[in-house]
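# output the structure for:
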Amino acid sequence: MRTIDSRSRFLFVAAFALLTVLAACASGTGGGGGPRRNPNIITLEELADHTTLSALDVVRRLRPRWLQGRGAGTGGTNLPQLIVDGARMGNAQEGLRTLPVSDIQELRYLNASDATMRFGTNFPGGAIMVTSRAR
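Got it, this is the predicted structure:
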């Protein structure tokens, strides 16, 4: 009887250890096998697949949450502002509509707090920063 209990305990511990190792390996790759994308940045690599679209269309496809209005007191109508190479250009949706993807190096979203700390007041919806390609 004693050998059955020892053997069962050993098998249980071995199975538990194997499952723990497999779970750790699966979670270490991000699940998709590829690099994990930063939700606040659209890189040149991601833009390369969408060169025929406007910047607005790319943001709508890849990071649609960037364009959602924010703010409890305003019914969520605070839209992000557009910053192109450090210059404030106004409403992001209007400005991104005119920017061709071929001119963009990177798009980066800043939440309201980060945008206010970096650029000053009046960024209740955050900001979308565009870095242009050097020509």
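# how many neighbours does Val130 have?
Per other Cβ atoms under 10 Å, the neighbour tally for Val130 reads 24. Bear in mind the C-beta positions are built from the backbone N, C-alpha and C, glycine included.
# for Ile83, see how far away it is.
Distance of Val130 to Ile83, computed by Cβ to Cβ, to the nearest Å: 7 Å.
# now do Thr121
According to Cβ to Cβ, Thr121 stands 14 Å off from Ile83.
# and Gly120, by the same measure?
Distance from Gly120 to Ile83, by Cβ to Cβ: 11 Å.
# between the two, tell me which one has more neighbours.
Each of Gly120 and Ile83 has its neighbours counted (other Cβ under 10 Å); Ile83 has more, 23 against 9.
# and that one, which of the three is it?
Assigned by DSSP: H, G, I helix; E, B strand; the rest coil, the conformation of Ile83 is strand.
# what secondary structure does the closest residue to it other than its chain neighbours sit in?
Nearest residue to Ile83 in three dimensions, chain neighbours excluded: Met129, at 4.6 Å (Cβ to Cβ, 6 or more residues apart in numbering). Here Met129 is recorded as strand under three-state DSSP.
# ok, Met129 - contacts?
Ile83, Val84, Leu107, Arg108, Tyr109, Leu110 (Cβ atoms under 8 Å, 6 or more residues apart in numbering).
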